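Visitor: fold the stuff below for me.
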Amino acid sequence: MADKAKEEASPKPEDTPEQRAERIPGFYRNTVEANARLAYAAKMFNLVSPATMVGKIPEGHAVAFSMTTVDVRDVKVGGETFEAEGGGGLSIMKSALLRIAAGAGIVWEDSRLTPNDPHNDHPDYCNWEVKAVVQDFDQTYREVIVHKRNDWRKGAAQREGKSDKFIKQERIFIQEKAESKAMNRAIRILGALRPSYTLEQLKKPFVMVKLVWTGESDDPELRRTFAMMGAARTLGGRGAAARLFGQEPNFQLPQATPPPQMLGAPARRHAVIDADEEEPTPAPRARAQAPEPPPTPRPAAPAGSAGNDTTVVKFGKNKGTPIAELSEESYVWYLEALEASIDDPERERFRDDNLLHLAAVKAARRGATAEGKY
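Guide: This next block holds a predicted model:
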């Protein structure tokens, strides 16, 4: 059986690209079949996997293989690549990276302004933090926390060599850009992706591998228990199942001795990454025993100042409209008008109030559009 599995998964000289791709996707409970396809994928495609070989597949689980392709055209003409910094090949856009992350089982646990960074109060500065986790074949987890800073304040090094038009666009979407870059970095770290690829490499599909729960088992008792667990979950959990069928699901997993920790390894492995560094070095981080304090709130407009309601438009044709309800075009116009007022020497006495209002406008907009813009 082992030889047959290897034969089925092994590449053949006469295979077309389509036939090669057909050999990969699927769920495999047999380690020989899984390892044969891992070896094949590593040779013929871009492999994104916790490891290139699996020793044992846990009971009730399978190794899942999925595949995606990257549109190798430049992003300027609707593709998913752009020239890497320094001209060293092509980098992958976020849309393709998110597909790779989904296939590899990467889960986002947190995405927020980095706590306790006082500079986050400034509307032209954003330090963003994302936390992502992926499961390895041994059922342990790798966790990474990535920080990305966008600093477009006057005099910041990040402004050097950038046009005013570019800086203005970056300031408008400062938080969205910081979050996107942090997420992209986290995907590359957990998926062990290269920062850039050649055109020929990107023409090959990406094969993503992850450990998944199937409930399948050769043990009849475990199969029955897993089926009951799956049914209860599908029907909506304990409360929903009771309302639908008039009774609570009643099952218990068979008692077993918990598996020993191998070599004292923790359940999660941590790394903290600064996305502003070219070659960051992961550093161990102990899991916090107490919740971290909430992020420093952005300043509110002082009581008694003109137009103290900072969540609505204060001038123009949309005056009085909540920021969250503005169209994209109207939002950009209002932000540019505010920034022009801040930079106008004749309106210097209103500058502090306008800076506070600008920060509140951006915060209100972020809360309304976060899900749609990423």
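Visitor: and the residue nearest to D117 when sequence neighbours are not counted, helix, strand or coil?
Guide: Spatial nearest neighbour of D117, chain neighbours left out: N127 (4.5 Å); criterion: C-beta to C-beta, 6 or more residues apart in numbering. Using the backbone N, CA and C atoms, a C-beta is placed for each residue, glycine as well. With DSSP: H, G, I helix; E, B strand; the rest coil as the basis, N127 sits in strand.
Visitor: contacting residues for N127?
Guide: 113-114, 117, 119-120, 147-150, 178 (C-beta atoms under 8 Å, 6 or more residues apart in numbering).
Visitor: which of those residues are buried?
Guide: Neighbour-count burial (16 or more other C-beta atoms under 10 Å) is assigned, among the contacts of N127, to 113-114, 117, 120, 147-150, 178.
Visitor: filter those down to just the ones in strands.
Guide: 113, 147-150 (DSSP state E).
Visitor: tally of neighbours for A182?
Guide: 26 (other C-beta atoms under 10 Å).
Visitor: which phi and psi does it have?
Guide: Dihedral pair for A182: phi -70, psi -40, per degrees, to the nearest 10.
Visitor: do the one 5 residues further on as well
Guide: The phi/psi pair for I187 (degrees, to the nearest 10) reads phi -60, psi -40.
Visitor: is it in contact with I100, as I believe?
Guide: Yes. At 6.6 Å, I187 counts as touching I100 under the criterion of C-beta atoms under 8 Å.
Visitor: low-confidence stretches in the stretch 251-374 of the chain?
Guide: 251-310, 366-374 (pLDDT under 70).
Visitor: what about the strands in the stretch 151-300 of the chain?
Guide: 206-213, 268-274 (DSSP state E, counting those that start in this stretch).
Visitor: packing partners for the first one?
Guide: It refers to strand 206-213. helix 31-44, strand 46-48, strand 61-68, helix 94-104, strand 125-135 (3 or more C-beta pairs under 8 Å, 6 or more residues apart in numbering; DSSP states H and E).
Visitor: closest to G215 out of those?
Guide: Among the helices and strands packed on strand 206-213, the nearest to G215 by C-beta to C-beta is strand 61-68 (9.0 Å).
Visitor: need the next SSE after the closest one, C-terminal direction.
Guide: Using DSSP states H and E, the next helix or strand after strand 61-68 towards the C-terminus is strand 81-83.
Visitor: for stretch 129-145, list the C-alpha coordinates in CSV.
Guide: Output in CSV follows, covering the C-alpha atoms of stretch 129-145 (Å, rounded to 0.1, in the frame of the first residue of the first chain):
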residue,chain,number,x,y,z
GLU,A,129,-0.1,45.5,16.0
VAL,A,130,-1.4,42.2,14.7
LYS,A,131,-1.3,38.7,16.3
ALA,A,132,-1.6,35.6,14.2
VAL,A,133,-1.4,31.9,15.0
VAL,A,134,-0.9,28.7,13.0
GLN,A,135,-1.1,25.1,14.1
ASP,A,136,1.7,22.7,13.4
PHE,A,137,1.5,19.0,12.6
ASP,A,138,2.2,18.1,16.2
GLN,A,139,-0.8,20.1,17.4
THR,A,140,1.3,22.8,18.9
TYR,A,141,0.9,26.4,17.8
ARG,A,142,3.2,29.1,16.5
GLU,A,143,2.2,32.6,17.4
VAL,A,144,3.7,35.8,16.0
ILE,A,145,3.1,39.5,17.0
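Visitor: buried stuff in that stretch?
Guide: Those would be 129-138, 142-145, for stretch 129-145 by 16+ other C-beta under 10 Å.
Visitor: just checking, which of those residues comes out lowest on pLDDT?
Guide: Within the set of the buried residues of stretch 129-145, pLDDT is lowest for D138 (90).
Visitor: so that one: helix, strand or coil?
Guide: coil.
Visitor: quick one, domains of this protein?
Guide: Listed by automatic domain parsing, the domain ranges of the chain are 1-106+191-214, 107-190+263-288, 323-373.
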